[in-house]
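J.: with the input below, show me the fold.
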Amino acid sequence: MEEKIKHYLRPGEQVRWQGAPAPFQLMESGLKSQILIKWGVTAALCAALLAVYFYRTPEPNMGFVGLVLLVAVVVLVSPVLERRNLSGTRYWITDQRVILATRDETLYYMELDKIDAVQTLEGMTEKPCLVLGSSIAEEAPKRLRWRACHPKTDIQGHDHPDQALGMILYGLSDARAAKALLQREKAVKTA
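T.: Down below sits the predicted model:
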């Protein structure tokens, strides 16, 4: 990854900070109820749908049953996959951008002068998260892990598909230092 980020940096661009999510449990205190509700609702809806289907259908189609079960399994496994993906995420703050590398080494960035909001999100995770960009500020608490794995991009912006409109730096041990540096670099960039 270090070689890839070196090639991704622009000429003269300097890394000021780098980090990664601190180790965390699947059922962090602030997200435990969201995960349990997601699992409970998924199991209940799947059971209810299949019960009604079997009751009303004289000759059930096993393809439909398989599809319903597959969707349920995907939803049930998603918190585990999100945790796995977040554990492989890396972050950099440079003198020009914030860069996020996903577990599969896909890179996203936000220009410092395009970051219109920086919010610290505490209490949901063991370590604070930084929410960058007003476009995701409202949804961040509801879809924290998913959005941390998937920075918001302009899907119609074909020139720079790696340029994010919003991103979350998840579970940072040194969130305050990263935020202070980010604000300082942003001030220098816009001055």
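
J.: use CA for all of it now, contacts and neighbours both
T.: OK.

J.: what mean pLDDT does stretch 155-163 have?
T.: Per-residue pLDDT values across stretch 155-163 average out to 76.

J.: likewise for stretch 87-100?
T.: For stretch 87-100, the mean per-residue pLDDT is 94.

J.: chain center to that stretch: distance?
T.: The chain centroid and the centroid of stretch 87-100 are separated by 13 Å under C-alpha atoms, centre = their mean, to the nearest Å.

J.: check what contacts it and list those residues.
T.: Here stretch 87-100 makes contact (C-alpha atoms under 8 Å, 6 or more residues apart in numbering) with 13-21, 23, 101-104, 107-112, 149, 169, 178, 182, 185, 189.

J.: and the end-to-end length of it?
T.: With C-alpha to C-alpha, to the nearest Å as the measure, stretch 87-100 spans 13 Å from end to end.

J.: follow-up on the earlier one: select only the buried ones of the contacts of stretch 87-100 in ChimeraX?
T.: Entered in ChimeraX, the line below selects the buried ones among the contacts of stretch 87-100, by 16 or more other C-alpha atoms under 10 Å:
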select :15,19,20,21,101,102,103,107,108,109,110,111,112,149,169,178,182,185
